[in-house]
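Student: Sequence first, predicted model second:
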Amino acid sequence: MTPEYRINTEKRIKEYFDKFDDIQDIINIKCEKTFEDLGTVVNVWNVKTKSESFWVVEGGSAPMNLYPQSAYYFSADEAYSFQKRNLSRNVNFADMKNL
């Protein structure tokens, strides 16, 4: 990950969090783990706010999503797996609608 990509992504994460009125200010952002799957790079970020912690999954063609760490997402691996399952189901459902 280049420094420019990291800085840009941290800015996008902050902008994403600003959309939620019930989430307090971010105090720390760290890229916890990077996955490469079928030629696509996906990053899982560990984001700490004043009151709670979140996993943010982004990269490649994946939409940015956040998952509360208090809601059974104990690791970056689990957050990534959950994101991948959700996207897979959405793609499969969209394909079925086109039949």
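Tutor: Structure's in. What do you need?
Student: Flag every buried residue along stretch 13-24.
Tutor: 13, 16-17, 23 (16 or more other C-beta atoms under 10 Å). Every residue, glycine included, has its C-beta placed from N, CA and C.
Student: let me redo that: stretch 55-74
Tutor: In stretch 55-74, counting by 16+ other C-beta under 10 Å, buried: 55-59, 62, 64-67, 69, 73.
Student: any idea how far it is from the chain center?
Tutor: 3 Å (C-alpha atoms, centre = their mean, to the nearest Å).
Student: Extract the C-alpha trace of it and format it as CSV.
Tutor: Output of stretch 55-74 as CSV, limited to C-alpha atoms (Å, rounded to 0.1, in the frame of the first residue of the first chain):
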residue,chain,number,x,y,z
TRP,A,55,-13.7,-3.0,11.2
VAL,A,56,-13.9,-1.1,7.8
VAL,A,57,-13.6,-3.3,4.7
GLU,A,58,-12.7,-1.7,1.4
GLY,A,59,-10.7,-2.1,-1.7
GLY,A,60,-11.0,-3.3,-5.3
SER,A,61,-14.6,-3.3,-6.4
ALA,A,62,-15.8,-3.9,-2.9
PRO,A,63,-18.0,-1.2,-1.4
MET,A,64,-16.8,0.3,1.9
ASN,A,65,-18.6,-1.3,4.8
LEU,A,66,-18.2,-1.0,8.5
TYR,A,67,-18.8,-3.7,11.1
PRO,A,68,-18.9,-3.1,14.9
GLN,A,69,-16.2,-5.1,16.6
SER,A,70,-18.6,-5.6,19.5
ALA,A,71,-21.0,-7.5,17.3
TYR,A,72,-19.1,-10.8,17.0
TYR,A,73,-16.5,-9.6,14.5
PHE,A,74,-13.5,-10.4,16.7
